[in-house]
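K.L.:
Could you work out the structure for the sequence below:
(one chain, ligands or ions: 2)
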Amino acid sequence: MTDSTASKGKFISFEGIDGAGKSTHIGFVAATLAARGKRVVSSREPGGTALGEKLRDLLLHEKMHLETEALLMFASRREHIAQVIEPALARGDWVISDRFTDASFAYQGGGRGLDRAKMEALEQWVHPHLQPDLTLLFDVPLDVARARLDATRTLDKFEQEKADFFAACRNEYLRRAAQFPARIVVIDSTQSIAQIQAALGDILDKLLQVID
Ligand SMILES: Nc1ncnc2c1ncn2[C@@H]1O[C@H](COP(=O)(O)OP(=O)(O)OP(=O)(O)O)[C@@H](O)[C@H]1O
Ligand SMILES: Cc1cn([C@H]2C[C@H](O)[C@@H](COP(=O)(O)O)O2)c(=O)[nH]c1=O
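P.N.:
Ligands and ions are numbered 1, 2, ... in the order given. Presented below is the predicted three-dimensional model:
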């Protein structure tokens, strides 16, 4: 949970393996919150700042050592937290981030095999007192995600990975959902977009009821 003494807004992260469908729903969640009178800041990782977007370009297109990749993800995150997330929460705005630290555990940890303890050390260093209030984990079988990706785009470095990489990412996401059930809500992303939006509406209603 966010540190209530340091922040007044709420922080929602979107997660899932590439092609799970998370980005499709960010606009819907932002519009739902805005209709309920919340000021919303939408952002993404890696990225979200001028420097973070430069790091994103490197991360998504250049080969690099696994630990360099993990460190650059957290470098982008440090900048994102300092420049975007913390100021927005302090103003009372809601922050929606397309990925946050669960992605590092899933991709660099699960997918690439980086020791979880190293990731935990980076997390403690970079954001010891900040966690999303809610994480929406869009979960789909690998073949569904792959078919969605193949239908739509030129693949980046991560999206070109093989099925066993994404299986390990997905397992780590689901392991974390089991570890943090109060924060991470798993959404069956094989459902239609309309069904998912109905489920998201219910989740947001509950979150807003707790607050209002
Ligand atoms: N529930 C759904 N049913 C059918 N198609 C979907 C669904 N959700 C998303 N899609 C389609 O799948 C494709 C990938 O969706 P999207 O870009 O949201 O995935 P993503 O998880 O954000 O991927 P990435 O993390 O790689 O950006 C898009 O063409 C989108 O329209
Ligand atoms: C934050 C973060 C991201 N990644 C990977 C996951 C995706 O393949 C890309 C981001 O692309 P998206 O389509 O915009 O989601 O980066 C990662 O490996 N580790 C991270 O911490």
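K.L.:
Could you report the neighbour count for the closest residue to G21 other than its chain neighbours?
P.N.:
In space, and not counting its chain neighbours, G21 is closest to S189: 4.6 Å by C-beta to C-beta, 6 or more residues apart in numbering. The way it works is simple: take the backbone N, C-alpha and C, and place the C-beta from them, glycine included. By other C-beta atoms under 10 Å, 25 other residues sit near S189.
K.L.:
got the residue ranges for the helices in this structure?
P.N.:
Along the chain, counting by DSSP state H, helices occupy 26-35, 50-61, 66-80, 86-91, 101-103, 116-126, 142-152, 163-179, 193-211.
K.L.:
tell me what the fourth one is packed against?
P.N.:
Packing contacts for helix 86-91, counted by 3 or more C-beta pairs under 8 Å, 6 or more residues apart in numbering; DSSP states H and E, involve strand 94-98.
K.L.:
Up against ligand 1, what does the protein have?
P.N.:
16, 18-24, 148, 152, 159, 189, 192-193, 196 (C-beta under 6 Å from any ligand atom).
K.L.:
Could I have the buried ones of those as PyMOL selection syntax?
P.N.:
Selection of buried members from the residues of the chain next to ligand 1 for PyMOL, criterion 16 or more other C-beta atoms under 10 Å:
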select buried, resi 16+18+19+20+21+22+148+159+189+196
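K.L.:
check contacts around the nearest residue to S23 once chain neighbours are set aside.
P.N.:
Nearest residue to S23, sequence neighbours excluded (C-beta to C-beta, 6+ apart): D98, at 5.8 Å. Counting by C-beta atoms under 8 Å, 6 or more residues apart in numbering, D98 touches 14, 22-23, 26, 42-45.
K.L.:
Among those residues, which one sits closest to ligand 2?
P.N.:
Among the contacts of D98, E45 lies closest to ligand 2 (C-beta to the nearest ligand atom), at 3.8 Å.
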